[in-house]
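Undergrad: Mind looking at a prediction? Sequence and model below.
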Amino acid sequence: MHRRKVDKILAPLLVLVFSLFFAVSIYSQVTGATLSGTVFDASGGGIPGATISIKNTATGISQNFLADSAGYYTAPNLIPGTYDVAVRAKGFATVVSAVVLAVGAQQQLNVPMKIGETSQTIQVSLDAPQIDLTTSTLTGQVESQTILELPLNGRDWTSLATLNPGVNLIETQMDYSGSARGNRGFGAELTISGQRTTNNNYRLDGVSINDYANSGPGNVIGAALGVDAIQEFSVLTGGFSAEYGKASGGVVNAITKSGTNSFHGDVYEFIRNSALDSRDYFSRSASTPLAQFRRNQFGAAAGGPIIKDKTFIFGDYEGFRQAKGITTAITVPSDNARAGNLVGGPVTVDPAAAAELAMFPHATAGTSVGDKGKFINSGLQIVPENFYTFRVDTSFQGKTTCSELTSLTTPTSRSRTASTTCSSSRIPDGRPWRSEKPTRLVPPLAIQRALVSAAVTR
């Protein structure tokens, strides 16, 4: 028993340690946005060696990139948000632009430079592009404001994917109250571009969170909790590149919130109760008792700086308590039949039969027809669940930024998710990376999956 307790503590720690220290450079798990473009002069020629400084306005973290010999640059794996982009080159005035990047977006920013002193600053206002010219991917965006303002039954953030064309929710699946539903998975059954519901890939901060049936994430009532921890997500419905993988249908690519230089948070509770519901026509006409239903969803989310412009923290807790009456009806002898007054004539009830009849419940009033009646009962299905999300973002001296995410759900599903994502804009000697060799550092997928699996089975 003591060893099992130690294993339960060590398994999550191993996930964290290995994901931090065994990160390697791979190119298949991009969760952030990519900003690229060309820096050119008045004649249209590229300006080699131009310095592109990209600063996140919320965190103050800045990364520097160099344009190549043709004036081209690329900045990969940027956290979605608002950025100030400053472009500097010798003999040219500094150009500053504000850019808003979405999750997984590949946005183009071409910068025209004018001759002047570097100390001179030219502010450029850019409108969001109406057509994405950098990729053929068909994608839809669900922004943070939409996630917060639209009402959600069960606060399931994956259901917002149906706001995009080509995404539909399958309504004919088995009910969550039945045990057979577990064969299909408990998450939302979404069909994207006409494909099967198990052909989609759900990603959270670069980690696939499909359940054991390759269905969408969800608890035993079919909801993916933690909506207050989701910053935004995109839905890729077709034409996406191989870096996403694991899907012939669509990709739901989400990213969690992170701390910023200012403290922010919220406290909430959502209540549903059958005491506030009215009985429908069929319940009244059949004298069916109203099934009990109580649902409380409560929690808090908060984020802020640990070290300003360097290290940030964000956490979210959501508690879920539900008691739902599951109405069932069985056929039982009517009260007249119990007394021996059958439709075909009276009979004498044997004492042994009377003892067995006592084990059957009496028919619900108004349901008896002839010798039979219906016993209608509403048993309570009780679901307690706790969901935690914890994220730390930091920037090291060498301009490497890392994000560590840990999610835990207890006690019904006992699922854990852990991921680390790093990106660097400098090589060890301090010189900026040139755009020909962007670096995206994440933990090895095989090690990550093995450790998470070990943590769950422990």
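TA: Alright, I've got the coordinates.
Undergrad: so who does G265 touch?
TA: G265 makes contact with A300, A301, A302, G303, G304 under the criterion Cβ atoms under 8 Å, 6 or more residues apart in numbering. C-betas here are computed from N, CA, C, even on glycine.
Undergrad: Checking my notes, it in a strand, right?
TA: Yes: assessed by DSSP: H, G, I helix; E, B strand; the rest coil, G265 belongs to a strand.
Undergrad: Next one: it from P112, what distance?
TA: Distance from G265 to P112, counting by Cβ to Cβ, to the nearest Å: 42 Å.
Undergrad: before we move on, back to that, give me the ChimeraX select line for the contacts of G265, limited to the buried ones.
TA: In ChimeraX, this line selects whichever of the contacts of G265 come out buried by 16 or more other Cβ atoms under 10 Å:
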select :301,302,303
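Undergrad: Same list (the contacts of G265) but as JSON lines, adding distance to I192, pLDDT and secondary structure.
TA: Shown next, in JSON lines, are these (distance: Cβ to Cβ, whole Å; pLDDT from 0 to 100; DSSP: H, G, I helix; E, B strand; the rest coil):
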{"residue": "A300", "distance to I192": "33", "pLDDT": "95", "secondary structure": "strand"}
{"residue": "A301", "distance to I192": "29", "pLDDT": "95", "secondary structure": "strand"}
{"residue": "A302", "distance to I192": "34", "pLDDT": "95", "secondary structure": "strand"}
{"residue": "G303", "distance to I192": "31", "pLDDT": "95", "secondary structure": "strand"}
{"residue": "G304", "distance to I192": "36", "pLDDT": "94", "secondary structure": "strand"}
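Undergrad: Among the contacts of G265, which one lies nearest to L225?
TA: When those are compared for distance to L225 (Cβ to Cβ), A301 wins out at 11.9 Å.
Undergrad: Go ahead and confirm that closest one touches V227.
TA: No: in this structure A301 lies outside contact range of V227 using Cβ atoms under 8 Å: 9.6 Å.
Undergrad: what about the chain, any weak spots by pLDDT?
TA: Counting by pLDDT under 70, the chain contains low-confidence ranges at 1-30, 126-136, 173-183, 285-289, 397-405, 409-458.
Undergrad: For it, which segments count as helices?
TA: Using DSSP state H, the helices of the chain run over 2-21, 144-149, 281-285, 335-338, 351-357, 445-457.
Undergrad: Can you give the contact residues for the second one?
TA: Meaning helix 144-149. W157, L160, L163, V227, I230, Q231, E232, K257.
Undergrad: go on, the fifth one?
TA: Among residues not part of helix 351-357, those counted as contacts by Cβ under 8 Å, 6+ apart are P333, R338, V349.
Undergrad: Just the buried ones among the residues you listed, please.
TA: Judged by 16+ other Cβ under 10 Å, buried ones among the contacts of helix 351-357: P333, R338.
Undergrad: CSV for the contacts of helix 351-357, including distance to S283?
TA: CSV is the format used below for these (distance: Cβ to Cβ, whole Å):
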residue, distance to S283
P333, 24
R338, 26
V349, 34
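Undergrad: Going by distance to G315, which of the contacts of helix 351-357 wins?
TA: Distances from G315 to the contacts of helix 351-357, taken by Cβ to Cβ, are shortest for P333, at 57.8 Å.
Undergrad: wait, the closest one sits on G370?
TA: No: in this structure, P333 is not within contact of G370 by Cβ under 8 Å, at 10.3 Å.
Undergrad: would CSV of the contacts of helix 144-149 with distance to T172 and neighbour count be doable?
TA: Listed next are these as CSV, based on distance: Cβ to Cβ, whole Å; neighbours: other Cβ atoms under 10 Å:
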residue, distance to T172, neighbour count
W157, 23, 23
L160, 21, 20
L163, 21, 13
V227, 25, 22
I230, 27, 23
Q231, 33, 19
E232, 30, 21
K257, 35, 19
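Undergrad: what two of the residues you listed are the furthest from one another?
TA: Among the contacts of helix 144-149, L163 and K257 lie farthest apart (Cβ to Cβ), at 19.9 Å.
Undergrad: any chance you could map the strands in the stretch 201-350 of the chain?
TA: Counting by DSSP state E, counting those that start in this stretch, the stretch 201-350 of the chain has strands at residues 201-204, 207-208, 230-238, 251-256, 264-273, 293-307, 311-333, 341-342, 345-346.
Undergrad: which neighbours does the third one have in its sheet, and in what orientation?
TA: Spelled out, it's strand 230-238. Strand pairing for strand 230-238, using DSSP bridges, gives strand 138-142 (antiparallel), strand 251-256 (antiparallel).
Undergrad: Deepest in the core, which of those strands is it.
TA: strand 251-256 (a mean of 26; mean count of other Cβ atoms under 10 Å).
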